[in-house]
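> Provided below for reference: sequence and predicted model.
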Amino acid sequence: MKAILGLLTAALLATGVQAQDYNSRMIKFAATGQAGTPPVLGMQIFADKLAERSGGKLNTKVFANGVLGGDVQVLSSLQGGVVEMMVWNAGNMITQEQDFGILDLPFIYQDVTVMDGLLDGEVGKKLTDQLPEHGVVGLAFWEQGFRLLTNNKHEINKLEDISGLKIRVQQNQLLVDMWAALGANPTPLAVTELYTALETGAVDGQETTAPFILGSKYHEVQKYVSVTRHNYNPQIVLIGKPFWDKLTEDEQKLIIEVARETAIEQRQISRDAQVSALQSIRDAGNTVTEIDPAELQRMKDAVRPVIAKYAATFDPELTQTVFDAVGFKLD
């Protein structure tokens, strides 16, 4: 009998899975993005990896297309223990912790390699360390990519062409101020309501990434796409603290590892998708405009007061680290 028990123990240790302290759990993982968009593809990769690495104990059900509610609603569900995980635009966490707004500063982020280093390093850690007191835990940073501007009124070639356009923006005051500085009429609206608002003309346009435009079919109700790259859009993978606190140490460790490993694949998917999605939008007959560098500089100059206003509200050391990394100076 002892020999048999010894063999069983050795077999369990050899698998490296069953020897860990994993319980059978079902994780609801939510996003407002459409199926097939890079963040949602990342969710499925995460789900597959987690199930495999936990020996089928930790299972994840992906809820895309905003079926569990808009971002603000799902965040509240995480904090209340109703939903376990979500992926969301990281800058929108400014509603919970002011320093996250640094990720939404317009036009200053253009090099994805630099951003990977910041988010996987000191800056990312400093930001996520602040989240548990807000009822969530930050696991990793994924990517949605560079945001573009669309509208259904006219082609945008210069700063003045933005003037007066009613542009849907995320429910984030920094972004409201940014678009107001560019001359638009910014209109905060949940993304789950956006397609109908574009279709009916309640708003003239919106701004998001090419894969999201394509996946959400915004190009069907928007004629003009402007390659502004005004914001780089990291995504944060969040888990609700009420659920997190129920997990064993082994479960917590594995979930973090898988979320961060998935980031490598997910970011590459996102970067490839930005190129292919923009081409698909062109092929669909939309007018895609590359903005002249001189006009882009005018747009950047127009939002400098917004950058200065919000930079003054962030942790000074964090701000300096970011500005040094991206080569940006306010003076």
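Cool, got the structure.

> and L139, which of the three is it?
Here L139 takes the strand state, with states given by DSSP: H, G, I helix; E, B strand; the rest coil.

> To clarify, my last question referred to A35.
Applying three-state DSSP: A35 is coil.

> if I've got this straight, E155 is in a helix?
No: E155 sits outside any helix when classified using three-state DSSP, being coil.

> That one and Q98: what is the separation?
E155 is 37 Å from Q98, where distance means Cβ to Cβ, to the nearest Å. For every residue, glycine as well, the C-beta is placed using N, CA and C.

> what's the host helix or strand of Q279 packed up against?
Per DSSP states H and E: Q279 is located in helix 249-283. Judged by 3 or more Cβ pairs under 8 Å, 6 or more residues apart in numbering; DSSP states H and E, helix 249-283 is in contact with helix 38-53, strand 58-63, helix 112-119, strand 136-151, strand 205-209, helix 210-215, strand 224-227, strand 287-290.

> Give me the mean pLDDT for that helix.
The average pLDDT for helix 249-283 rounds to 97.

> That helix: which residues count as buried?
Within helix 249-283, the residues scored as buried using 16 or more other Cβ atoms under 10 Å are 251, 254-256, 258-259, 262-263, 266-267, 269-270, 273-274, 277-278, 280-281.

> just how off-centre is it within its chain?
Put simply, helix 249-283 sits 10 Å off its chain's centre (Cα atoms, centre = their mean, to the nearest Å).

> So L119 sits against N233, correct?
No: L119 is beyond contact range of N233, at 11.7 Å (criterion: Cβ atoms under 8 Å).

> Can you check what pLDDT the model gives the closest residue to H134 other than its chain neighbours?
Spatial nearest neighbour of H134, chain neighbours left out: Q96 (4.3 Å); criterion: Cβ to Cβ, 6 or more residues apart in numbering. Looking at Q96, its pLDDT is 94.

> for A11, same thing?
A11 carries a pLDDT value of 45.

> Next: A190.
88.

> Distance check, it against A277.
Using Cβ to Cβ, one gets 22 Å for the distance from A190 to A277.

> for E265, same thing?
Using Cβ to Cβ, one gets 18 Å for the distance from E265 to A277.
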